[in-house]
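Engineer: Quick check, what structure comes out for this input:
(one chain, ligands or ions: 2)
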Amino acid sequence: MPWFGMDIGGTLVKLVYFEPYDILSEESQEAETLSKIQHYLKSNSAYGATGKRDAHLQMDNVEIQGHVGTLHFIRFPTSEMRVFLELAKSKGIATLASTVCATGGGAYKFEEDFKREVNLELHKFDELDSLICGIHYIEANCEEECYYFNNPLNEELCEKKHFDFSNPYPFLVVNIGSGVSILAVYAPGHYKRVTGTSLGGGTFLGLCCLLTGCETFEEAIALAEMGDSTKVDKLVRDIYGGDYPKFNLQGDTVASSFGNMISKDRVGAASKEDLARATLVTITNNIGSIARMCAVNEGIVKVVFVGNFLRVNPISMKLLAYAMDFWSKGTLKALFLEHEGYFGAVGCLMELMKTGC
Ligand SMILES: Nc1ncnc2c1ncn2[C@@H]1O[C@H](COP(=O)(O)OP(=O)(O)OP(=O)(O)O)[C@@H](O)[C@H]1O
Ligand SMILES: CC(C)(CO)[C@@H](O)C(=O)NCCC(=O)O
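Structural biologist: Ligands and ions are numbered 1, 2, ... in the order given. As a prediction, the model looks like this:
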């Protein structure tokens with residue numbers, strides 16, 4: 001039985017593993033090895049990645065191929081694949097499974113290393129097929145998975161609300177990882193990749209590290225939370241002295257991202273926090289704008305944003321929710337999923353188990 005699904009991305013590895021209650025309660029060598037690995041993974045989730053521990057996500061009472069158990073979700077930086085392979089070797093992961101399902105670019109890049117280091121064959125699945133399959137599986141099995149924001153930019157009135165996604169088609173998926181892929185999904189197993197952009201989560205983190213000297217995603221987000229992007233961006237009112245009513249552009253709309261940074265005085269007045277916030281807003285608005293154009297072109301109104309860029313990042317989620325609603329005059333709906341970045345890993349595990357994705 002394959003226990004592990006891995007999505008080896010450009011920045012993060014997402015690992016999903018299934019802990020079946022029946023087999024683990026048996027006193028077998030297999031159970032002992034699995035419990036050692038689980039113990040290690042649980043206590044080291046996101047090890048080294050963030051300086052802080054990730055909350056350990058899990059889904060209980062899941063049924064897979066006649067076994068009931070728990071699905072565990074873990075992520076760590078792709079740059080630590082070597083550490084992971086050493087762990088897998090020392091804990092005897094190959095005695096549990098001869099095949100591990102893997103997706104993402106790293107399933108190809110690291111295939112030889114898995115074979116050489118731990119004698120494991122990677123059963124490779126396409127990352128976008130897996131993403132769709134994972135969304136389908138989690139949505140069907142997790143009641144409170146899908147949500148949206150009411151009044152996203154009003155601190156007092158903003159509410160996170162459950163969205164009934166049981167009748168989802170058609171919908172757009174905007175997967176914000178290191179880069180961004182946008183998919184139009186028409187029916188189970190019927191989708192196309194509409195477009196992508198290289199200005200994604202990796203760009204936010206890369207630019208933030210350069211501009212502020214921060215070193216982790218959490219630091220970048222914490223700085224952005226305290227910053228003011230209007231110190232960095234040139235707004236419509238900086239150009240018009242107020243609104244541009246003929247084309248419904250309000251004074252506080254960004255006219256030019258980073259447009260104030262051509263003046264030495266303005267550069268001197270912009271803090272690290274302001275630069276981080278402006279970077280976050282620039283990348284988020286650009287993704288929102290491309291997503292909106294794709295939705296309009298495809299005639300789709302439900303836009304589901306996923307990917308680890310949205311992790312611990314309510315600023316971007318609320319901005320996307322607001323932008324989709326405002327610029328579409330209320331016709332488009334931005335939706336979000338609780339397991340934001342794990343769908344590829346879940347999907348490849350489920351694809352191997354043929355659960356009908
Ligand atoms: N702990 C973290 N370390 C690094 N980046 C993080 C972290 N948490 C969230 N992120 C954000 O998530 C992005 C990666 O998202 P994700 O894991 O969905 O993509 P990926 O699979 O690595 O990339 P791709 O699909 O493009 O290969 C990063 O670029 C960053 O913006
Ligand atoms: C290359 C992938 C698919 C890897 O996950 C992703 O990073 C992406 O969609 N990047 C954007 C590539 C583009 O410009 O379409």
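Engineer: Every contact and neighbour count from this point should use C-alpha atoms.
Structural biologist: Will do.
Engineer: Run through this protein and note the low-pLDDT ranges.
Structural biologist: 1-2, 24-56, 94, 96-98, 355-357 (pLDDT under 70).
Engineer: buried stuff in stretch 328-342?
Structural biologist: Ser328, Leu332, Lys333, Ala334, Leu335, Phe336, Leu337, His339, Glu340, Gly341, Tyr342 (16 or more other CA atoms under 10 Å).
Engineer: For that stretch, give me every contacting residue.
Structural biologist: Residues from elsewhere that reach stretch 328-342 (CA atoms under 8 Å, 6 or more residues apart in numbering): 7, 14-16, 73, 134, 144-148, 163, 292, 295, 300-308, 310-311, 317, 320-321, 324-325.
Engineer: I'd like to know which of those are buried.
Structural biologist: Counted by 16+ other CA under 10 Å, those give 7, 14-16, 73, 134, 145-148, 163, 292, 295, 300-308, 310-311, 317, 320-321, 324-325 as buried.
Engineer: Out of these, name the ones that lie in strands.
Structural biologist: Judged by DSSP state E, these include 7, 14-16, 73, 146-148, 302-306 as members of strands.
Engineer: Now distance to Glu225 too, for those residues, in CSV please.
Structural biologist: What follows is those, written out as CSV (distance: CA to CA, whole Å):
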residue, distance to Glu225
Asp7, 29
Lys14, 26
Leu15, 29
Val16, 30
Phe73, 26
Cys146, 24
Tyr147, 22
Tyr148, 21
Lys302, 28
Val303, 25
Val304, 24
Phe305, 20
Val306, 20
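Engineer: Of those residues, which pair is most distant in space?
Structural biologist: Maximum pairwise distance among those (CA to CA): 27.9 Å, between Leu15 and Lys302.
Engineer: Count the neighbours of the residue nearest to Thr212 when sequence neighbours are not counted for me.
Structural biologist: What sits nearest to Thr212 in space, not counting adjacent residues and going by CA to CA, 6 or more residues apart in numbering, is Lys272, at 5.1 Å. By other CA atoms under 10 Å, the residues close to Lys272 number 20.
Engineer: ok, Lys272 touching Leu211?
Structural biologist: Yes. If you go by CA atoms under 8 Å, Lys272 and Leu211 touch, sitting 7.3 Å apart.
Engineer: Do me a favour and get the backbone dihedrals for the residue of the stretch 51-200 of the chain found nearest ligand 1.
Structural biologist: Closest to ligand 1 within the stretch 51-200 of the chain is Gly177: 3.1 Å, counting by CA to the nearest ligand atom. Dihedral pair for Gly177: phi -110, psi -140, per degrees, to the nearest 10.
Engineer: Please name the residues that touch it.
Structural biologist: Per CA under 8 Å, 6+ apart, neighbours of Gly177: Thr11, Gly200, Gly201, Gly202, Gly307, Asn308, Phe309.
Engineer: hang on, Met324 packs against Ile290?
Structural biologist: No. Contact criterion CA under 8 Å: Met324 and Ile290 do not qualify, at 10.4 Å.
Engineer: From Lys246, how far off is the residue of the stretch 51-200 of the chain closest to ligand 1?
Structural biologist: Plainly put, Gly177 is 37 Å away from Lys246 if you go by CA to CA, to the nearest Å.
Engineer: before we move on, what about Leu205?
Structural biologist: As judged by CA to CA, Leu205 and Lys246 stand 37 Å apart.
Engineer: Neighbour count for the two, which is higher?
Structural biologist: Leu205 (24 against 6).
Engineer: quick one: that one is in a strand?
Structural biologist: No. With DSSP: H, G, I helix; E, B strand; the rest coil as the criterion, Leu205 is located in helix rather than a strand.
Engineer: Check the burial of the nearest residue to it once chain neighbours are set aside by counting its neighbours.
Structural biologist: Leaving aside its sequence neighbours, Leu205 sits nearest to Phe217 (CA to CA, 6+ apart; 6.2 Å). Phe217 has 22 neighbours, counted by other CA under 10 Å.
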